Structures are given as C-alpha cells and as structure tokens.
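>>> Fold the following and give me the result.
(chains A, B, C and D, ligands or ions: 6)
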Amino acid sequence: MIPISHSPTEISLVLCGEAGQGIQTIETILTNVLKLHGYHIFATKEYMSRIRGGSNSTEICVASNRVASYVDRIDILIPLDKPAIDHLKHRISPKTIILGDQEQLATDLPIIDIPLTKIATALGNHIFTNIVAVSVLSGLFQIDLEMLQNYLASYFANKNREIVEKNLAAAHQGYQIAQELISSGSINIQIPQNPNIGPEIIINGADAVALGAIAGGCNFVASYPMSPSTGVFTYLAQYAPEFGILVEQAEDEISAINMGLGAWYAGARAMVTTSGGGFDLMTEGLSLAGITETPMVILLAQRPGPATGLPTRTEQGDLELALYSGHGEFPRIILTPGSLSEAFSLTQKAFRFADEFQVPVFIMADQYLLDSFYNVSESDLNPSPVHSCIIETSDNYQRYELTSDGISPRGIPGFGTGLVGLDSDEHDPAGHITEDPEMRIQMVDKRLKKLESIRNAVIPPEFSGSQDYQTLVIGWGSTYHTIKEAFAILNCKRAAFLHLKQVYPLPKELASYLKTADKTVIVENNATGQLAKLIKQETGVEIGHRILKYDGFPFSVEELANKLSKIL
Amino acid sequence: MIPISHSPTEISLVLCGEAGQGIQTIETILTNVLKLHGYHIFATKEYMSRIRGGSNSTEICVASNRVASYVDRIDILIPLDKPAIDHLKHRISPKTIILGDQEQLATDLPIIDIPLTKIATALGNHIFTNIVAVSVLSGLFQIDLEMLQNYLASYFANKNREIVEKNLAAAHQGYQIAQELISSGSINIQIPQNPNIGPEIIINGADAVALGAIAGGCNFVASYPMSPSTGVFTYLAQYAPEFGILVEQAEDEISAINMGLGAWYAGARAMVTTSGGGFDLMTEGLSLAGITETPMVILLAQRPGPATGLPTRTEQGDLELALYSGHGEFPRIILTPGSLSEAFSLTQKAFRFADEFQVPVFIMADQYLLDSFYNVSESDLNPSPVHSCIIETSDNYQRYELTSDGISPRGIPGFGTGLVGLDSDEHDPAGHITEDPEMRIQMVDKRLKKLESIRNAVIPPEFSGSQDYQTLVIGWGSTYHTIKEAFAILNCKRAAFLHLKQVYPLPKELASYLKTADKTVIVENNATGQLAKLIKQETGVEIGHRILKYDGFPFSVEELANKLSKIL
Amino acid sequence: MDKAVFKIENQDIAWCPGCGNYGILNILQQALAELNIGPESLVMVSGIGQAAKIPHYLRTNFFNGLHGRALPPATAIKAANPSLTVIAESGDGDMYGEGGNHFLHTIRRNPDIVNIVHNNMIYGLTKGQASPTSQLGLTTPVQTRGVINEPFNPLAVAIAMNASFVARCYVGDSVQTVEILKKAITHKGYALVDIFQPCVSFNKVNTYQWFKEHTYYLDNTHDTGNRVAAFAKAIETDNMPLGIFYENSKTTFEENTGVYRNDQRPLFRRELDVSKLTAAINAKKM
Amino acid sequence: MDKAVFKIENQDIAWCPGCGNYGILNILQQALAELNIGPESLVMVSGIGQAAKIPHYLRTNFFNGLHGRALPPATAIKAANPSLTVIAESGDGDMYGEGGNHFLHTIRRNPDIVNIVHNNMIYGLTKGQASPTSQLGLTTPVQTRGVINEPFNPLAVAIAMNASFVARCYVGDSVQTVEILKKAITHKGYALVDIFQPCVSFNKVNTYQWFKEHTYYLDNTHDTGNRVAAFAKAIETDNMPLGIFYENSKTTFEENTGVYRNDQRPLFRRELDVSKLTAAINAKKM
Ligand SMILES: Cc1ncc(C[n+]2csc(CCOP(=O)(O)OP(=O)(O)O)c2C)c(N)n1
Ligand SMILES: Cc1ncc(C[n+]2csc(CCOP(=O)(O)OP(=O)(O)O)c2C)c(N)n1
Ligand code: SF4
Ligand code: SF4
Ligand SMILES: [Mg+2]
Ligand SMILES: [Mg+2]
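Residues are numbered from 1 along each chain as shown, chains lettered A, B, ... in the order given. Ligands and ions are numbered 1, 2, ... in the order given. Next up is the predicted model:
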C-alpha cells in the first residue's frame, strides 16, 4: 500500500521467530531507540501459548505522525527462522522487503541476504541474532550508533561485561550491514523525524492500567495469574515496594475477589485482575459486592473463549459476561478504554466510581490493548489526587442507612466509634439478617436506585467525523485507534465514529446519536455482536451492519477500512 | 372473597407455627387424606432460613376443581403459636375463621377455641398438637376417621407402637372437636367431592423434576446442597438404589459440574442441581461444556439474591444469569417449567436436548415451584423410552468432525475402536489444541450453527384466552398457574395469556403473538423484568406493562388479578 | 471487661434450643472479655451456615460473607489493618468443604487471625447432609447408604501444613475451651480451633454424650512443639484428644508482605503521593 | 506392549527443550507399555498448564479440561466406567493451587485413579510466578521480594488425609520412576505420584542439579504401612526423600457408591426400565 520508495510517513516492521528467541527484547529496544530518535512508534505482539518454539511476531510501526494500530501490511520483514515466513505468508506482498539469512530461510521469495546467524555465531552465541537484527534496522533508520550502544549498555546493565561488549559489537556489525544496504541503494528510508517525540513515554496497555490503578489510590491487589491480565498484576507487583501496595497471589480467583472485598471493607482500595475463566469463578464474589455494596475494581482482560480457548490471543467476547454475571439483581459499571490514555484515566476513575457508588466497576480490556505499546505524552497520563469517600463513624452508625439516592455513607471498622456490619443475606440498615418482605423491597430499591446517580455520571462517548453524518460507526474498547485510522484512510464525508468509553450504563446521548443516523454500523471483535445486542435492548435500535471478527486477532486498519468501505 | 358460608368450591387452610413444629408433617398428611377423600388439593410452604423457631406456614387449598396456585385469602387459619397471628396479620380478614388455643394465642381477634395443647399435653407430649390440628380439619371436611387413622398408621409405621397409638388417639380427639364444631353450627364446609381424584398422584415440583430426570435417563448426579435445589438432589438420592443412579455430594459446585462433564464424557447422563450462588461457581464449567460440546443438564433453582439473599424464599431473578453466564460465546437451552407436569416432561426433554445438541440445558425453577404440591393424574407424568445419541466409534473417529449442522457424532472412550479427545482450548476436529485462525473460525461457526437446529426444536409456548385478544400477558416458569387462575377470576374477553416453557432460544411464534397485541404485559417475579429485556433484544418489541414482584414471595392469585385488572 | 459489652438487645437467635452453638457464643464472649478485646477493635468474619450466623449474635464489627469464603476476607482485613483482632468463624462444611482450598492456603500465609470451626459433623442449615467431617456410615437424606468418604481430619492436615497453632475443643467443657481460645487469640499467627459442637436437630449420632465418651484431654507430657508427635495424636480417631496439639512461632503474613516495614499505619490512613507517581511516569521517558 | 503404540506422528510439542516434562512423558509411556495398558482403555485427564498439555502428546483418549479441575472429571470418568484406566495429570499450580480443594476431597473419595503431579515449583505456562510448592525466598516477577508463604507439602497432606498410595519421584531417575509409577497404576485406589520436574525456563533455583543434591531414596527400612513414620519422612525438607512413602488398602469410590454392587456394566451400557419408573410414580397414588 505505501511502498517504501514513495517517501512514506509510516513504515511497518515485522520481526518473527520462535518463542524464546527474544522478540520481546527486540521490541523493547527498537521502540525505544526509534522514539528517542524522533519517531512515533506503535508495537503489537502476537504469540502462542507456549514458552519456546512456535511462531511469535511483533509488528512495529514507525511514523512521523502518531500511529497506534495494527496494520496487515508488512513493509520490512525480518524472519528469524524458517517457519516465520510460512506463519506470515498471508501478509507478505510483493512490496514487502524481506531481510534475512538466505541460507537458513531457504525460501523462493526474494530476500535481501544479511548474515544474522553468521555474525551471532562468530560472536559466540546464537542469541546475539536479535541484537544484530535490531541494529540493522536502527542503522536503516539512521539512528546514531552511539545512542543505540548507550541504550544497549543500560538495557544490559545487569549482565556481565563480556555479554555487554558482545552486544555492542553485534550492534556495530548490524550497522555496517545497514550502511551497505543504504549505499547499495537496496533500501532507502526517509521518514521525517520530530524532536518533540524524544521525551515522550512508551508504555503498553498493561502498564497504563497499573499506573491508573495507582493513581486511583490502589493499595491492595489480590489476583491469580491469567493471560492477558498477568501483565497488570506483574506491573503492580513491581511498583508495590515504592507505593506500599499489598500484592498477594491468591490460591484461586475466588479467594482473590473475596480478599479484595475484605480489603475494601477494612478501608483499603483493592483491585483484582483476571480473564474470562478466572472471572467466572469470581462471579459469586461479584454478587457479594452487589448485595453488600462493597466497592470493587475488576480488570477483566479478555481473550478468546469459551473455556481455555486461545489463551494468548485477543477478543471482545466477554461483554455480556460483565453485564450479567453474578446472580441476583444489582448495579455495576463497565468502562471500556480504547487508548493508553484512557486505560490510565478510566482505571483511575474506576476507583473513584467504586468508592463513590459502592458498586463493582469493570475495566474491560483485551490482549491487544494490554500488550500494545506506543508513545504518549506526559499529559496523557495525568494523575489527580485521590479523594476517599470513607467516613469516620459515630455511635449509632448503620452501614446500610436508607438514603434518598440509595447511597449510604461508608464506614470501616476501627475508624470512629460505630460498628460496621456487612452481610451477604438480605439485611436491615445495621447489616443484620432480615426476612421481612418490606425491608427486602426497600433494600432492593435502594441498591437499584444507585443506578440513577451512576447514569448521571456516565463517561460520555467520543464523537469524531462529520457532524452532518449519515452513517454512524460504533465501537468500544480496543478498536478505537483502528477505527480512527480506517476513517482517516477512507476519508469519508458523511460518516462519523462514536467510541464508547463506558458501555454500562450506556451514555444517554447514544440514543440521539443513533436517531440522527441513516445507517448504523458496529465494529466488535467477537462473533455475536454483544454491544449491538445491548444497544437494541436499551434503545430499541437495531444496528444495521455488524463488522465482527473472532479468529483471535485484532482488526487491522486495512481490513477494517475495506469492510467499512463496502458499507459507507 | 369466597366466604365459607356461601357453599364455596374452594377453601384455603393455613397452618402456621415455628420451624420444628411439624408444619411439613401436617402438610403431607392433610394433602394426602384430603385427596384420598376426593378433593383437589394444592399446598405451598413458606419458611425461614432456620431450623427451629421463627414463623413458617403452609397454605392448603382444597377444592372441587383443579387448584394449583397460591392465594392470599385465608378461609381457615390454625395458628400453632402466638407469633403466627402477627406473622400472617396482613392476610387475615374478617371472614377468616381462626381455630386455636385461645389461652395460648392471647389475641383480640375472634377465635374458635380448640384445646390443641391441652389434648396434646394430656397425651404426654406437645408434639401431638399437629396431629390434633390435622384431625380437626379432617373432621371438618368429613373425612372418614378410619381412613385418616389408617393413613396415620402407615405414615408412622417406623415409629414405636406407643407413639402410633397416641397419634391415633390424638386423631380421635380431633375428630370429636370437629363434630362439635359442625353440630354447633360454627363451621359448615360443603365442597363437592370427586371420587376420580382419589387415585391421583400428589407430588411437588422437586419430585417432579427428579422423576423427570430419571425419565430422561439420568444416572449420575453430582451436587452440593443449596436451597431450594436440595429437594431434587435428595429425591434423586432416595431413588438412587432403585434406579442405579450414582449420587455424589461434591466438595463444592465447581467439582460438581466438572464431575458431571466427566460423567457425560464417559457415557453417563449427568445432572447437577444448584441455586444462583452455587451456579456462579459452575459458570467456568458451563463454558467448558460450551467449547467441548459436552452435554449437561443443570437445575437452576432460583431464590432471591444477590449473594445469600433470602435463602428460603422465591424469585425469578436469575434468567439473565442463565442466559449469559460462562465466558465466551456458545449456545445453550433454557427451559422454564410452569407446572408439575412440565417440571417432569421438560426435565426429561432436557436430557434429550443435551444429548442431541451437545449443549448445556437449564431447567429454571424456583422455590415456589419446587416446594409446591398438588395432585396430578398419571398421564401428567408420562415417561417415554430414553434414546441415547452415543455412537460406537471406529478407527479414525474425530470427536469434533465438521458437519453441515455443526453437530458431530458423539463417541465415548471404551466404546468402539476410536479414541475420544476432549479439549478446553480451541481445538481441531480430533480435539487437539490449535491456534490456527481458520480452524478457530470454523469451530466457532460450528458451535454457533447448532443454534439453528436448536431453534427448530424449540418447545412452543402455551397460548390460552381469547384468540381475538387485544392484550397479551406473558409469563414464564412458575407463574403459570397463578396467571391462569387470575385470568379465570377476571374473565376478561379480549385478553390472552402466553406461557413460555422455553425462553432460550425464544420460540419463533412469539413475534407474531406480540404483533397481534395492542397491549403487552409481562409478569415476572423479579425487580428488573429480565424476560421483557430479552424479548426486546430478540424481537425489538418493548413490553408495555411490567408486573414485577421481588419481596421473596410468589404472586398470589388475588394480587395478580388486581394488578392485571388495572391494565386489561 | 464484662462480656455484657457484646450483648445485643431483643435479639431472635435462629439456632435450635439445646444446640452447641450457644455454648460457643458464650465461650467466645467470655474469652474476648477476659482478654479485654472490645467490640470496636474486633471483626468477626464468617461464611454461611448455622455456625456462620454467630457474628449477628454479638455486638461487634462483622463481615458475614459467602459460604466457604470467610478466610480470604479475614486475611485481607487483618492485612489492611493489623490493629484489628480478626476471628474467622464458620461451620465444618463451610471451612473444610466449600472453603477447603482457602483453609490450606490461609495456613500457608499465616495471617495473625483465629479460625474457629464449629465442627458438628453435619450440614446444619441445609438440613442434615454429610459434612467433610461426618463419620463413615452416618446416614442422611443424601447419604442414604451411609457416608462412604474418609472423614476429613482438620488437625492432621493443619499439622501437615505446619500451621502455627492447632487446637481442638469440646463445647461441653466451657472452662477449658475458654482457656484454649484465649491462647489461640493471643498466639501470633494463624490459629485453628476446631470445636466439637453437637447438632441436636440433625446429627443423632455425634451427641453431647457421644463427644464426652469419645474425647480426652492431651496431658502435659504432650510436647506441642513436636510436629510428628502432634500428628500421631491427631490421627487418633477412636478416642479423640482435645487441647493444643501443635504450636510454632513464625512471622505473620502482614509482616511478610513488607507493607508495614517502614510504615505502621493501616492502609486506610495512607495517602497516595501524587508527585511520586508523576516521577515514576516520567522515569519512562527514557 | 511397545510404547510406540502411544506415538503421534509429526507432532509439535510445545515444551521447552531440556524441560523435565519430556522425561515424564517418556516414563509414563514406558510404564503403561510395560503394564500392557493400551490407548483405547486409557483416559488421560488434565487441567491447564505446561504439564497439563501431556495428553496431547500420547495417542489415547483424553479429557483436557479446566485449570485446576482434573480430579473431579477423572473421578467421574472412572465411576461411570470402571473398566477404564484413568490418570489425572497436571502441574503443581493446577493440582495444589487452583485445584487444592479437589485434591483434598478426591483423596477422601479414593477413586481408583492415579494422580501425577509435575512438581516444578513454579507456574510455567504463565511465565514464572510462584506455585504453592515454590521454596521460601524464591523471587519471581510477582513475588518480587521472594516467596513469603510456607511451601505446600503435598505428601504430608496426602498422608494426613490417609491417602491410599503416596509417592514422590524425580524425573531425572527414569528407571526408579517407571517402577514407582507402575506400582501406583496397579495399586487399587487413589495414588499420588508427585514428580520433581525442573522447569529450565523459569525456575533457575530448582534445577536438575539442585534436585539431585536435595533428594535421596527411602531405603527398605521404611515401612510404607506406618502413617506416622511416613509423615516424619514427608516433613523432611532439607534433603527430601523419594520413593513410596505410604500405602494402605481401602475400598474404592466406585465400589462404595453401590452402583456396581449388582451390575458390573458401565453406566453407558445400561438402560432405563420405564416400567420400573411408572411403578415408582404409581406408588405415589397412596
Ligand atoms: C455457594 C453455596 N453453596 C451452597 C450453599 C448452601 N449452604 C448454606 S449453609 C451450607 C452448609 C452448612 O454446613 P456447615 O458449614 O457445617 O454449617 P452448620 O449449619 O452445620 O453450622 C450450605 C451447603 C450456599 N449458601 N452457598
Ligand atoms: C481459572 C484459570 N485461572 C488461571 C489460568 C491461567 N493459568 C494457566 S496454567 C497456569 C499455571 C500453570 O502452573 P502449573 O499448574 O504449575 O503448570 P506448569 O505450567 O508449571 O506445568 C495458570 C495460572 C487458567 N487457565 N484458568
Ligand atoms: S440445626 Fe443443628 S447446628 Fe443448626 S442450630 Fe440446630 S442444632 Fe444447632
Ligand atoms: S516453561 Fe518450564 S515447565 Fe514449561 S515447558 Fe518450559 S521448561 Fe518445561
Ligand atoms: Mg456443620
Ligand atoms: Mg508448575
């Protein structure tokens, strides 16, 4: 699509090899040096559910303008082993430049031969291959060798000196290859740099959620590892000593959420991180949060189900799970970040909402969002002070005092002179078991009434495109940037895009947005159009066109543009 | 409403006392002798979540015509202790005849004094009170004393002889009191008998489900006790030796459903019984049933939530839970019996559906349906032979063979020469893990495609009332008889009632029924109108009127008639 | 302190007359009062069952959560605010059946809480099914041919897990039970107190009489520091020992998490230092 | 029988080169072949994790279910068809963490199955968090300050539960492990075989070398019928014994359920006698 020779503003690099070959290392180093050099970058990984072997790849988009979505197109491919080419064959076009070890790859495709393995082996170990590859690419983008070497030195700071030296040597040799490729005219990359990018921040979705949680005052995390939620859990564990966060790996997800509820009860601000199958096990606890009006923040990191499904792939298949799981009837809030900035700000907000309305709040993310990196500016991650809603109790404190908006001031044990009773049975204002039908009705009404306040606080959707639209495209969560970029490509005059940052309760303005449209389109990374069903249920509007994908991969910009172009 | 003096065809008796006073015994004996005597009977209990103390009651309706629903009206009340009167005060009208121990009750209400306690104490133990009460009532209905005594003798057959004798003496004395009441003209009950009723069967919903399961070929039950599902589990345990059913009390609900899946995999026909909170814990297993296409039958016995809620009361609050729980996307079937006959036949059918479509099938019941007794004829419980869909495998058997309707022949290990592989990951036809996007799409499509066959097999709703209706009233599950009886009272000309026996997938004919109506009404025993939401989502029709109840009690006929009369 | 501080006026207790639960309620109040632990600094955590209703019968803070799930919130409550005294209390079905996994892993964590189990060898609230501790052969409406699964031995398992305090009591002896309970409460670390409690409504085998006849107290020759000896005592099932079987001293979960290493304040008293967060974010610029 | 019967052509094994899992796969096939147990009469049941992928690597029937949930279906499969040989096999996280409650209660049931646990003291598939058996102090990306919870001792707990066969092996010694595994398979009743298996990718402490240095075999003075002696051996944690710790003979779950008392046929071969059901319904007329 955008041939390299046509002085592009964006290039997509893909590196592919087996698990254990260091794709992650390549990704980290390349994105950082490219950014420092003044490029916008976006990187997304796809990997198999195994530790070694198979085929994993990372795509790194390098651009003059902000870039944040997955594209099918591969401008430059570095296959690190033979299966890599087969793994990516559907994405290789005649315009794809393949750089690699001709001998090792043994393919009919035209290849620019670079002796990755030979250099690495000469340095004494196959593992230097990835640094050679990184360096060739850095050289092609004309990054200062010294900058790269400085970066490598700090990256490998805790390795022994010999290894550091060899990495630096590998970098040097990679650069020489790049120089030859440039001077021979084989490759000529000319993308304008932007010096303002250098001081930006590179993070991924998982880190953005973790930082957002800290910004929300999170000081207690109990979780059980499960892809793709583990990243957030791990980041929080890493930040724990600095921020005094109590991090505990629970024996199972049931324990995790029940710990979380105990923590909130005692005045902490807790979060649990999980994925669909683990969340199923938390649903009785969710219901407990519901009747006891205990705040809870849940990261529901989606991957393709049912059951174990595709553990390391992506999907948006658990919206209805978040909407309806947990027995009985009680309110909840579902936030659906679409960008790193939203991942940060909505997670921060989740703690505020949970504390204020005393309901469970979901952050719905997915593997694609959590594992994707790009550069953001400092202002995209802007913490504001935490305001806790806990009150100091007095003598006759009643945890479930009946109030006009259904929200009772929340006390905790050991703070004030009152006693705090919490009960999973239907209860009276003091939290004691009741079977009185009148009290039951009052308590159900009280809990459901909170939805009114919640509706008034809904985070509004983001509208973009033509004010005077005929077609309205709706998306939620991680499809945000991809839809935006597809719109940019299509450049359609009478279409608009509505990105939902909160899907439950649905924002009030949705109905009028829908009413204005002649044609409605939903984009969902699942097989049944779960948001479309919710919209129909809540607004009565049947979404006309559904663009769905459920093979475990995110939409690519081209694919989506293509599908949209048929409808718009 | 129907005063006793007006030669009624139906009388409602209520007996109320504390837990442990033998309300259950009273209910069993009275319903049986009244039926043997030639009356239709209906009995429903309400009880607290405790073993002793509190106030529990049973209502027994005695009638010439079939009767099967709860009424508020109390024609004759026997309070067995002082708190009973307070407990039922909102249902006591000036027309209610109260029979009881004046001294003990110490109330201002007019009471026909009968020395229950004195007689019992004279016989040596307070526990004979309930037999005296039973006998007074039997006498008032002019049941043959000998018949009652025969029944008592067999009921207490495994007690020692002295206790049997004393019970018979208690009966005798109760009869004398009844004779005096009749001859003094205090009470005069004249309800026509019907000798055909004698040979009918009295069972409750729990027993009907248990027998339906056996009729469905159930030979494996793994459950964890939880009200109101425990009755079915207990009945099955009681039938187990006779029918060779393997019954195991699991350590938790997670184990129960995973055992059930293992059992189906190995060729058994398994069922699990639970309620909302326990079911939450089964939802990961539900998702496993989904991706592995393993049949499963789940009794979801509803009670008011969230969490522990009101453990012994009734509600229809878990429809959305059944609809959407378990992560990922896969088909399921939800059956909603409204009568004992349906409890039997739909449970039988559930096994057939599960086996044929290889999906989880829910039987949604609730405390009200499961704990209510009435007499049914033999033809209402009509087992048909079980046809198993298991095939004998041959050498190259593939469990998940791709077929045109998505249904793969189901083999089991040890039957045939093939091997049977089952996998919770996305898998290929042989059941082995795959991460191939094409295979993923094929398998998702395969599973979802089964919904077509399932839709074609949907159990049609029951329509009653005017063909030429303006108003359509819709109900599901246990509200069936109550809505029918309310219709009978209201005698409305331009209204019809549609009872859904299966709510998912919704029956196709629903849409046209809705289209014909000017006004639509839904009756649900929950706070948010969950079926109405599903109907809107599936048909686009917004139900105009919602009659909801969520205080833990079922609708009464009068209450419902009253609410309907305001709408119709 | 007078145990009257725990009294709730006009309350309707949902237990059966004669039930062993009353004795435990009384013993608990007595032990707390003797240790001067008042309602404000105490949190009772329970699951669901007859035993688990106990927090409603004494005036204090309570977290009456889900069936089987008392231990995780109890651990978290103590960890979020170590100045609270936390008691997790439920029935045998709740703790050893539904909650079995938490039982294991809470012992591994060793939070400074007391875990009281009302062991009536039956499911009371759901009307008499077998519990994990039901004896072989006991018939119930579900176990119609009698219990077939090996009874769960909570003491042996707790000792196998190297729990930091393991004791068994019999509610019929309130004097000794109060003493043992006081030791459990003052013990630093996780303390299991399994209390034999007759269920007069559903367990017609394991009655007051039966427990009296099938138990005896460990004498002072028993070395509570000897894990193997404690185990040997724990697997005596004909005549079952009462008393403290095993004790050790370990650091607690709260201590080990490190959260209180440099700051003694409970979590709710701390505030996020936004500038620190900003600094952490800015550190990612390079 | 030649273990080649289990071979699957052209398969791509997802384990890391050098992983102890390969050894276990090999040992298992060897033991089965020596016992003449062929693919058709075998069912491998597993959960989720690296170890739990094993059923995909030998040709047989398999039920690869949920993380932590291998034992309940394994119990049910054996109970539904006792003529099958059932092996439940998973990792330490799966069996002792997520599945801890089933571990306890399966032992109580005593189904005639073998429970093989790949004990690598780490969560492999999710990239190296602590497992219940991780040693104190081990640092991981989540346990950044080192493991703080007392390691789970599966043997001690199994012995405390009076499991009917309890053994520990080390994959590095395939000869002895095959022998022990064969005994476990032929043993009637539940048999635990915990196998030390180095995870070369994530556990850099408990390596082949480490296991070799920290284990020794029980000698023939050890009495496998002595529960207390077995317990004493099980709690040795500096130098850990290998071999069969404990054995007893009990009736199995399948036998105890009574379903096979008068009818040996597996459940799938039986049919409902409709007339019997009609009779049961009609009995309710009175
Ligand atoms: C998830 C879940 N499953 C089942 C139940 C039903 N249930 C309530 S109490 C109980 C057992 C009570 O036995 P135990 O813990 O021994 O307490 P006891 O009543 O004997 O004191 C059960 C099964 C429940 N509330 N929640
Ligand atoms: C309910 C649930 N929670 C979490 C996971 C994620 N998960 C998969 S494997 C695994 C741990 C694996 O560790 P172990 O059982 O020791 O096996 P190993 O990989 O070490 O062989 C986890 C946490 C899951 N699949 N399901
Ligand atoms: S049922 Fe048993 S345990 Fe429960 S209160 Fe009654 S006697 Fe006590
Ligand atoms: S991650 Fe560890 S346990 Fe898993 S295959 Fe690799 S070495 Fe083996
Ligand atoms: Mg109990
Ligand atoms: Mg492991």
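
>>> now check stretch A:279-295, is it near chain D?
No. Between stretch A:279-295 and chain D, judged by C-beta under 8 Å from any C-beta of the partner chain, nothing touches; the nearest distance is 8.7 Å. Backbone N, C-alpha and C define where each C-beta goes, glycine included.

>>> what pLDDT, on average, does that stretch get?
When pLDDT is averaged over stretch A:279-295, the result is 98.

>>> does any part of that stretch sit near chain C?
Yes. Using C-beta under 8 Å from any C-beta, stretch A:279-295 reaches chain C at A:284, A:285, A:288, A:292.

>>> In contact with the last one: list those residues for me.
This points to residue A:292. By C-beta atoms under 8 Å, 6 or more residues apart in numbering or on different chains, the residues touching residue A:292 are A:261, A:422, A:423, A:424, B:307, C:65.

>>> Just send those residues back as TSV, with neighbour count too.
Converted to TSV, those look like this (neighbours: other C-beta atoms under 10 Å in any protein chain shown):
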residue	neighbour count
A:261	31
A:422	27
A:423	26
A:424	29
B:307	29
C:65	33
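
>>> Just the closest of those residues to residue D:225, please.
When these are compared for distance to residue D:225 (C-beta to C-beta), residue C:65 wins out at 42.7 Å.

>>> Go ahead and confirm that closest one touches residue C:44.
No. The pair residue C:65 / residue C:44 is not scored as a contact, 11.1 Å apart, by C-beta atoms under 8 Å.

>>> Up against ligand 5, what does the stretch 101-250 of chain C have?
C:120, C:131 (C-beta under 5 Å from the ion).

>>> quick check, residue A:120 in a helix?
Yes. The assignment for residue A:120 (DSSP: H, G, I helix; E, B strand; the rest coil) places it in a helix.

>>> Any chance of TSV for the contacts of residue A:292, columns secondary structure and pLDDT?
Putting the contacts of residue A:292 into TSV (DSSP: H, G, I helix; E, B strand; the rest coil; pLDDT from 0 to 100) gives the following:
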residue	secondary structure	pLDDT
A:261	helix	98
A:422	strand	98
A:423	strand	98
A:424	coil	98
B:307	coil	98
C:65	coil	98
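
>>> State the pair within the residues you listed that is farthest apart.
Across those, the longest distance by C-beta to C-beta is 12.4 Å; it joins A:261 and A:423.

>>> ok, stretch A:402-416 near chain B or not?
No. Counting by C-beta under 8 Å from any C-beta, chain B has no neighbours in stretch A:402-416; the shortest distance is 13.2 Å.

>>> if we can go back for a sec, of the contacts of residue A:292, closest to ligand 6?
For the contacts of residue A:292, the closest approach to ligand 6 (C-beta to the ion) belongs to residue A:261, at 28.6 Å.

>>> So what touches stretch A:13-22?
Residues from elsewhere that reach stretch A:13-22 (C-beta under 8 Å, 6+ apart): A:23, A:26-27, A:30, A:47-48, A:50-62, A:74-81, A:83-84, A:87-88, A:91, A:127, A:129-130, A:133, A:137, D:16, D:201.

>>> quick check, that stretch touching ligand 2?
No. Stretch A:13-22 is not in contact with ligand 2 by C-beta under 6 Å from any ligand atom; minimum separation 13.7 Å.

>>> What is the end-to-end distance of stretch A:114-134?
Stretch A:114-134 has its terminal residues 12 Å apart, counting by C-alpha to C-alpha, to the nearest Å.

>>> Same check on stretch A:91-100?
OK, stretch A:91-100 end separation, C-alpha to C-alpha: 17 Å.

>>> Only the buried residues of it, if you could.
For stretch A:91-100, the neighbour count (16 or more other C-beta atoms under 10 Å in any protein chain shown) marks A:91, A:92, A:96, A:97, A:98, A:99, A:100 as buried.

>>> got a list of what the first one touches?
Which is residue A:91. Contacts of residue A:91 were listed using C-beta under 8 Å, 6+ apart, and they are A:14, A:72, A:73, A:74.

>>> repeat for the third one
If you count contacts by C-beta under 8 Å, 6+ apart, residue A:96 has them with A:74, A:75, A:76, A:77.

>>> same check, this time on the second one
By C-beta under 8 Å, 6+ apart, the contact set of residue A:92 is A:74, A:77, A:85, A:98, A:109.

>>> In helices, which of those residues appear?
residue A:85 (DSSP state H).

>>> Can you give me the neighbour number for the closest residue to ligand 4 within the stretch 151-286 of chain C?
Across the stretch 151-286 of chain C, the shortest distance to ligand 4 (C-beta to the nearest ligand atom) belongs to residue C:161, at 25.2 Å. Residue C:161 has 25 neighbours, counted by other C-beta atoms under 10 Å in any protein chain shown.

>>> Could you give the backbone dihedrals for it?
Phi and psi for residue C:161, reported as degrees, to the nearest 10, are phi -80, psi 0.

>>> So the closest residue to it other than its chain neighbours, which state does it fall into?
The shortest distance from residue C:161 to any residue other than its chain neighbours is 4.2 Å, reached at residue C:107 (C-beta to C-beta, 6 or more residues apart in numbering or on different chains). Classification of residue C:107 by three-state DSSP places it in helix.

>>> Tell me how far residue C:107 lies from chain B.
As judged by C-beta to the nearest C-beta, to the nearest Å, residue C:107 and chain B stand 17 Å apart.

>>> ok, that residue - contacts?
Per C-beta under 8 Å, 6+ apart, neighbours of residue C:107: C:158, C:161, C:162, C:163, C:190, C:192, D:150.

>>> ok, and the most crowded of these?
residue C:190 (31 neighbours).

>>> Residues of the stretch 101-250 of chain A that sit close to ligand 4?
Close to ligand 4, as judged by C-beta under 6 Å from any ligand atom, the stretch 101-250 of chain A has no residues.

>>> Up against ligand 2, what does the stretch 101-250 of chain A have?
So far as C-beta under 6 Å from any ligand atom goes, the stretch 101-250 of chain A lies against ligand 2 at A:224, A:225, A:226.

>>> try 8 Å
A:224, A:225, A:226, A:227 (C-beta under 8 Å from any ligand atom).

>>> and what of the stretch 451-568 of chain A?
Counting by C-beta under 8 Å from any ligand atom, no residue of the stretch 451-568 of chain A is near ligand 2.

>>> Now flag whichever of the contacts of residue A:91 is closest to ligand 2.
residue A:14 (27.8 Å).

>>> follow-up on the earlier one: ligand 3 next: which of the residues of stretch A:279-295 next to chain C are close?
With C-beta under 8 Å from any ligand atom as the criterion, the residues of stretch A:279-295 next to chain C include none near ligand 3.

>>> of all the residues you listed, which comes closest to ligand 4?
Among these, residue A:285 lies closest to ligand 4 (C-beta to the nearest ligand atom), at 30.2 Å.

>>> The closest one: neighbouring residues, count only.
Residues within reach of residue A:285, counting by other C-beta under 10 Å, total 33.

>>> what's the helix or strand for the closest residue in space to it that isn't next to it in sequence?
With sequence-adjacent residues excluded and distances taken as C-beta to C-beta, 6+ apart, residue A:285 is closest to residue A:257, at 3.5 Å. In the assignment (DSSP states H and E), residue A:257 maps to helix A:253-265.

>>> Compute the inter-axis angle for the helix or strand immediately after that helix in the chain and helix A:253-265.
On the C-terminal side of helix A:253-265, the closest following helix or strand by DSSP H and E is strand A:270-274. For strand A:270-274 against helix A:253-265, the angle by axes from the mean of the first three to the mean of the last three C-alpha atoms, to 10 degrees is 160 degrees.

>>> which SS class is residue A:66?
With three-state DSSP as the basis, residue A:66 sits in coil.

>>> Tell me how far it lies from residue C:122.
66 Å (C-beta to C-beta, to the nearest Å).
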